[in-house]
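Chemist: Provide a 3D model corresponding to the input given below.
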Amino acid sequence: MSVRKRSWTGPKGVEKTAWVVDYADGGGTRRLKTFATKKAADAFAALSRVEVDQGTHVPDSASITVSRAAEIWIKAVAVGRQGRAPAEASTLRQYRSHIDQHIAPAMGAVKLSKLTGPKVADFRDHLLATLSRAMAKKVLTSFKSIIREAQSKGHIVANPASAVSIQSAGEGRHKTETEIPERAEVKAMLAKLEELASQRNKQRGKAWRRYRVLIATAVHTGMRASELRGLYWNAVDLKAGTIKVEQRADEKGKIGPPKSGAGRRTIKIPASLVALLRLWKAECPPGPLTFPNWQGEAESLANIHTRAWKPLQIAAGAFTMDAEGHKTAKYRFHALRHFRASMLIADGANAKEVQADLGHATVALTLDVYSHLFRDDDAEQQRRDRAERMASTLL
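Modeler: Numbers count the residues shown, from 1 in each chain. Below you'll find the model as predicted:
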C-alpha cells in the first residue's frame with residue numbers, strides 16, 4: 001500500500017495536485033482512491049490497512065447502495081433473520097412501506113461506504129420534519145436494522161446509524177404511563193356484555209354471546225388478541241380450569257407459534273369464566289377454534305374491534321367526546337392485557353410472576369411497562385422514617 005502525490009495541469013493551464021492511495025483489497029484486486037489532501041489520504045491508508053488485514057474492507061466501487069441493502073434485509077426478515085422466526089405478512093408490509101415511501105426516496109442511492117453518522121442524523125431530522133414522531137421512530141428503526149444486517153453480511157465495516165435515535169413522546173424526563181382501564185370501567189363492560197348477550201333479538205344475542213366470552217377471557221387471562229384468535233379447544237381444560245397458550249393466529253388467520261418462547265404458558269382461570277366457556281362450547285361453530293367466526297375460521301382483529309370492542313366501550317360509558325361531539329372508545333383491545341397485569345400486581349404478584357402470566361420474553365420488559373404499578377412497602381416505610389429523622393434534626 002502506498003500514498004503518492006499526483007500533479008497535472010488543467011485545461012486553463014492551472015497546475016493541480018491530488019494524493020492517491022494505491023493498494024490491494026482483501027481479494028488481491030488493485031484499488032486506487034484519490035484525495036485532495038495528504039492528511040486525508042494517510043488516514044484512509046491507515047484505516048484500509050487494518051480493514052484489509054482483518055478481512056472487513058469494502059472498496060467504494062464494490063459497495064452496495066442503501067436500497068440494495070434494504071432488499072437484502074427484507075428478504076432475510078421474510079425467512080427469519082439471524083435465526084429468528086419468519087416475520088408475519090403484516091410486519092413485512094409495514095417494512096416494505098418504510099422502504100418504498102421513506103428510506104429509498106431519501107437515502108436509497110447512497111452507497112454504504114459513503115454513509116456517515118451525520119448523514120444518518122440528517123435523515124432522522126428529515127423524518128421528524130415530515131412524519132409524526134411515532135412513525136419517524138419506526139422508519140428509523142427499520143433503517144438501522146437494514147444497516148445492521150448489511151454489517152453482518154460484510155457490506156459495511158462500522159454501523160454509522162447505531163448512535164442515531166428518536167425518543168418516543170413519552171420517553172425521557174416525562175415518561176407517560178401505560179393506559180389501563182379502571183376496574184369500574186371493566187366491571188361496567190362485563191355487565192353490559194351480559195345485557196347484550198341476553199337481549200330478545202336472538203341473532204344479535206347470539207353474536208354478543210360469542211364476543212362476551214372472548215372479551216371475558218381477555219379480561220381474566222391477559223392473553224394477546226392473536227393468542228385468543230388462535231386458541232384451540234384442546235388447549236382449554238374446563239375441568240382443571242386452565243388455558244394453555246401454545247399458538248396464535250396472524251393477521252390472515254394463519255396459525256403459528258406464540259410471539260416468543262416465553263409466550264407458551266398455562267393460565268389459571270376463575271370458575272365464572274369456566275361457566276361461560278361451557279355455555280359457549282355448546283353453540284360454538286364446529287372446528288378446533290375456541291373463538292372462530294361463524295364460518296369456523298379465525299376471527300379478524302378488525303371485526304373484533306369494530307363489531308364488539310369499540311361499541312361495547314361506548315355502550316358501557318368508556319368513551320371520550322371530540323370537539324364535534326362524537327363518542328370515541330377510550331382503549332385499544334390490548335388495554336385488557338394491561339388491566340390483567342394491574343390486577344395481578346394489585347393482588348401482590350411480583351414482577352417474575354407477572355412476566356410468566358403474560359408471557360413476556362424478559363422480566364425487564366415487564367418492569368419497563370409496569371414498574372409504576374409495583375409498590376415496595378418496606379421502601380415506602382424507610383422513606384417515611386428518613387423524612388422524620390431529617391425533620392427531627394431541625395427541632
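Chemist: Which secondary structure element is home to the residue nearest to Ala349 when sequence neighbours are not counted?
Modeler: Leaving aside its chain neighbours, Ala349 sits nearest to Asp357 (7.2 Å; criterion: CB to CB, 6 or more residues apart in numbering). Every C-beta, even on glycine, is put in place using the N, C-alpha and C of the backbone. Assigned by DSSP states H and E, Asp357 belongs to helix 351-358.
Chemist: how about Val66, what does it touch?
Modeler: Shown in contact with Val66 (CB atoms under 8 Å, 6 or more residues apart in numbering): Ile103, Ala104, Met107, Gly108, Ala109, Val110, Lys111, Leu112, Leu115, Ile146.
Chemist: Actually, Pro181.
Modeler: Shown in contact with Pro181 (CB under 8 Å, 6+ apart): Met189, Ala318, Lys330, Tyr331, Ala335, Leu336, His338, Phe339.
Chemist: which residue packs closest to it, ignoring adjacent ones?
Modeler: Spatial nearest neighbour of Pro181, excluding adjacent residues (CB to CB, 6+ apart): Phe339 at 5.0 Å.
Chemist: How about Arg49?
Modeler: Spatially, and ignoring its direct neighbours in sequence, Arg49 is nearest to Met1 (5.7 Å; CB to CB, 6+ apart).
Chemist: Count the neighbours of the one you found for me.
Modeler: The tally of other residues near Met1 (other CB atoms under 10 Å) stands at 12.
Chemist: With the one 3 residues further on instead?
Modeler: Taking other CB under 10 Å as the criterion, the count of residues near Arg4 is 11.
Chemist: Are we agreed that it is in a strand?
Modeler: Yes - Arg4 sits within a strand when classified using DSSP: H, G, I helix; E, B strand; the rest coil.
Chemist: Who wins on neighbours among the contacts of Pro181?
Modeler: Leu336 leads those on contacts (other CB under 10 Å) with 27 neighbours.
Chemist: Return the list of helices and strands in contact with the helix or strand hosting that one.
Modeler: Assigned by DSSP H and E, Leu336 belongs to helix 335-346. For helix 335-346, the elements it packs on are helix 183-197, helix 202-221, helix 351-358, helix 363-370, judged by 3 or more CB pairs under 8 Å, 6 or more residues apart in numbering; DSSP states H and E.
Chemist: Save those helices as a markdown table, and put in mean pLDDT and distance to Ala87 too.
Modeler: Shown next, in a markdown table, are those (pLDDT from 0 to 100; distance: least, CB to CB, whole Å):
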| stretch | mean pLDDT | distance to Ala87 |
| --- | --- | --- |
| helix 183-197 | 96 | 33 |
| helix 202-221 | 95 | 25 |
| helix 351-358 | 94 | 22 |
| helix 363-370 | 88 | 19 |
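Chemist: of those, which approaches Thr141 most closely?
Modeler: Comparison of the helices and strands packed on helix 335-346 against Thr141 by CB to CB identifies helix 363-370 as nearest, at 16.5 Å.
Chemist: Show me the contact partners of the closest one.
Modeler: For helix 363-370, the external contacting residues (CB under 8 Å, 6+ apart) are Thr178, His338, Ala341, Ser342, Ile345, Ala351, Lys352, Val354, Gln355, Leu358, His360, Phe374.
Chemist: buried sites along that helix?
Modeler: For helix 363-370, a neighbour-count test (16 or more other CB atoms under 10 Å) marks Val363, Thr366, Val369, Tyr370 as buried.
Chemist: quick one: which of the residues you listed is nearest Val245?
Modeler: Within those, proximity to Val245 (CB to CB) peaks at Thr366, which comes in at 16.2 Å.
Chemist: Find the residue closest to that closest one in space, skipping its chain neighbours.
Modeler: Among residues not flanking Thr366 along the chain, Gln355 sits closest, at 4.3 Å (CB to CB, 6+ apart).
Chemist: can you check Lys206 too?
Modeler: Among residues not flanking Lys206 along the chain, Glu283 sits closest, at 7.0 Å (CB to CB, 6+ apart).
Chemist: okay, now the one you found: neighbour count?
Modeler: If you count neighbours by other CB under 10 Å, Glu283 ends up with 9.
Chemist: That one and Gly205: what is the separation?
Modeler: Distance of Glu283 to Gly205, given as CB to CB, to the nearest Å: 11 Å.
Chemist: likewise Ile243?
Modeler: Per CB to CB, Ile243 is found 25 Å from Gly205.
Chemist: who has more neighbours, these two?
Modeler: Ile243 (26 against 15).
Chemist: The helix or strand where Pro105 lies: how far from the chain's middle?
Modeler: Per DSSP H and E, Pro105 falls inside helix 104-107. The chain centroid and the centroid of helix 104-107 are separated by 23 Å under CA atoms, centre = their mean, to the nearest Å.
Chemist: packing partners for that helix?
Modeler: helix 66-79, helix 117-130.
Chemist: Quick one: those helices as JSON lines, columns for distance to Leu394 and mean pLDDT too.
Modeler: Converted to JSON lines, the helices and strands packed on helix 104-107 look like this (distance: least, CB to CB, whole Å; pLDDT from 0 to 100):
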{"stretch": "helix 66-79", "distance to Leu394": "62", "mean pLDDT": "93"}
{"stretch": "helix 117-130", "distance to Leu394": "49", "mean pLDDT": "94"}
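Chemist: contacts for the helix holding Pro105?
Modeler: Outside helix 104-107, the residues that touch it by CB under 8 Å, 6+ apart are Val66, Ser67, Ala70, Lys119, Phe123, His126, Phe143.
Chemist: about what we covered before: okay if I get the contacts of helix 363-370 as JSON lines plus distance to Leu395?
Modeler: Output for the contacts of helix 363-370, formatted as JSON lines (distance: CB to CB, whole Å):
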{"residue": "Thr178", "distance to Leu395": "42"}
{"residue": "His338", "distance to Leu395": "45"}
{"residue": "Ala341", "distance to Leu395": "44"}
{"residue": "Ser342", "distance to Leu395": "41"}
{"residue": "Ile345", "distance to Leu395": "38"}
{"residue": "Ala351", "distance to Leu395": "40"}
{"residue": "Lys352", "distance to Leu395": "43"}
{"residue": "Val354", "distance to Leu395": "43"}
{"residue": "Gln355", "distance to Leu395": "46"}
{"residue": "Leu358", "distance to Leu395": "48"}
{"residue": "His360", "distance to Leu395": "48"}
{"residue": "Phe374", "distance to Leu395": "34"}
